[in-house]
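Novice: Predicted structure and sequence below. I'll ask about it afterward.
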Amino acid sequence: MAKVVVVGDGPAGLSAALFLAKLNMDVTVFGVDKTSMHDALLYNYLGIPEMTGSDFQKIARKQVTNFGAEIQKKLVTSIEKKGDGFITTTEDDENYESKYVVLAEGKAVKLNIDLGLTKTAQNVDTGPVGKTDIENLYVVGRSTSILRTQAIISAGQGAAAALDILSTELDRDIRDFDEV
């Protein structure tokens, strides 16, 4: 059973997966690499002088899998809260169980709405670090601010959600800071 399912493989989803996998959580990412990052040119992303979004995606996906996360090239069709966890169903009718779900589905907020999350204007409402009213469900990235979006903000939201999950699971505050 995957402990964490991440839906979406843009900066928010991949960032969440990276932080979780780096600290040995079992993570499965679902996405078909059709993120709008492929239309982007990054030159205002801190630490990256200039890079195409496609190059960014290629590097990020490799980094995430190198830390042990699995990326499934599948669309998620539904998510159901089941007891203490979730059942995520993909386009090929396969089911995946998890304790946590991180939704990073971009501006297409179908799964958010299907789960009954509140949507104001064009944004899905969340609390700090992407927490929703549904236990162990996080929403990060573009769907939290559809009209005011930026890749580095989305990545930060994914990281914040991951650190919250890790802190909960390990029952202590987690910071991800590696020393030279």
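Specialist: Cool, the structure landed.

Novice: drop to CA atoms for contacts and neighbour counts, all remaining ones
Specialist: Will do.

Novice: Could you look up the SS state of residue 79?
Specialist: Reducing the assignment to helix, strand or coil with DSSP: H, G, I helix; E, B strand; the rest coil, the entry for residue 79 is strand.

Novice: wouldn't it be in contact with residue 88 here?
Specialist: Yes. Using CA atoms under 8 Å, residue 79 and residue 88 qualify as a contacting pair, with a distance of 4.5 Å.

Novice: Identify the residues contacting the closest residue to residue 157 other than its chain neighbours.
Specialist: In space, not counting the residues next to it along the chain, residue 157 is nearest to residue 140; the distance is 5.5 Å by CA to CA, 6 or more residues apart in numbering. Each residue near residue 140 by CA atoms under 8 Å, 6 or more residues apart in numbering is listed here: 12-13, 102-104, 129-130, 154, 157-158, 161.

Novice: residue boundaries of the helices in the protein?
Specialist: Using DSSP state H, the helices assigned to the chain run over residues 11-22, 53-66, 110-114, 151-170.

Novice: what about the first one, average pLDDT?
Specialist: Pointing back at helix 11-22 there. Helix 11-22 carries an average pLDDT of 97.

Novice: Please point out which parts of that helix sit buried.
Specialist: Along helix 11-22, these residues count as buried under the neighbour rule (16 or more other CA atoms under 10 Å): 11-22.

Novice: same thing with the shortest one?
Specialist: Applying a neighbour-count criterion of 16+ other CA under 10 Å, one finds 111-112 buried in helix 110-114.

Novice: picking that back up, looking at the helices of the chain, which is closest to residue 98?
Specialist: helix 151-170 (12.6 Å; CA to CA).

Novice: what's in contact with that closest one?
Specialist: Identification of contacts with helix 151-170 by CA under 8 Å, 6+ apart yields 11-17, 19-20, 23, 37, 45-46, 102, 129-131, 138, 140-142, 173-176.

Novice: go on, stretch 14-22?
Specialist: Among residues not part of stretch 14-22, those counted as contacts by CA under 8 Å, 6+ apart are 6, 8, 26-29, 60-61, 63-64, 67-69, 102, 155-163, 166, 176.

Novice: if we can go back for a sec, which of the helices of the chain comes out lowest on mean pLDDT?
Specialist: When those are ranked by mean pLDDT, helix 110-114 comes last with a mean of 77.
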